[in-house]
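[1] Any chance you could fold what I've pasted below:
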Amino acid sequence: MAAKSIISRPVYGTLSPQPGKHHLFVADAEGALAITDLAAKAPDGFFAGAHIIFIPGHDRKHVAALEALKPAQFYQGPSFASALPRLKHTLANAHMGLRLYLAGTEGLIGQAMQAALEAGIDHTSIQTEHRGSLARRVQCVHCKGITENVTTQPATCSHCGLLLLVRDHYSRRLAAFQGVCINAEDRSEIPPTEEIFR
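    Have a look, this model is predicted:
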C-alpha cells in the first residue's frame, strides 16, 4: 500500500483493551467497528468505566451497537467540531491512568490526538485505528484554510478557491495534508479531477 511509504504520516494500529479503570473512546462512522471488535476481546465490566464520544455520520449506523456496550457515558454528535468541547472538558478532568482510544477517519484521529496532547495526555496512553474513508483533511498552504473530506486530486480549496495538488505530506501539528496550487503558472490549465481518496 502506497500510504505506508509516506514518512510524515502517522502509523495506526489495532485497538486492544488496556488495563485500567478509565477508558475514553472517540470514533466516527466505521470507527465504531473498531470499538465493537475491541469489546469482543475485553474482560467483563470493561465498559463500566468507559466514555464513548461518537460521530455517526448521516446514516447513524452503529449507534445501537455502541449503546449495547453499556458504557458509563455515551455521547453522539453531528460533527467533530460539536464534540470537541465535550472531549476537551473530559480530557481536562481526566483521572490519572486514562486510556484513550481513537478510531475512524484520519481527520478525526488527528484532531482528537491534537486535543489529547494539548491536554497533557501521554502519547503512550493513546491507541489509534484507522477505519472507513480515506478522505483527507487538507490545509491550503496559500490561505491556511482547512478543507474537510477531500476525496479528489486535485481539489478545490473551500476557502480561497485555488485548485490544489493534495500532497502526501501530513502535518501532525495541523492534523492535515498539505495542498499547493497546481496551476499557479497558468490558471487556465485545469488538469482532470480524479476520485483518489475514498
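
[2] the domain parsing of the chain - what is it?
    The chain breaks down by automatic domain parsing into domains covering 19-130, 136-195.

[3] Isn't I55 up against A81?
    No - look at I55 against A81 with CB atoms under 8 Å: they stay out of range, at 9.5 Å. Quick note: C-beta positions are derived from backbone N, CA and C, even for glycine.

[4] Kindly provide the distance from the closest residue to Q114 other than its chain neighbours to H51.
    Leaving aside its sequence neighbours, Q114 sits nearest to A175 (CB to CB, 6 or more residues apart in numbering; 5.4 Å). Counting by CB to CB, to the nearest Å, the gap from A175 to H51 is 21 Å.

[5] what do you get for A184?
    With distances taken as CB to CB, A184 is found 46 Å from H51.

[6] more crowded one of these two?
    Taking neighbours as other CB atoms under 10 Å, A184 and H51 compare with H51 leading, 20 against 12.

[7] can you tell me which helix or strand that one belongs to?
    Taking DSSP states H and E as the definition, H51 sits inside strand 50-55.

[8] helices or strands next to that strand in the packing?
    In terms of contacts (3 or more CB pairs under 8 Å, 6 or more residues apart in numbering; DSSP states H and E), strand 50-55 is packed against strand 23-28, helix 31-41, helix 63-67, strand 73-76, helix 80-92.
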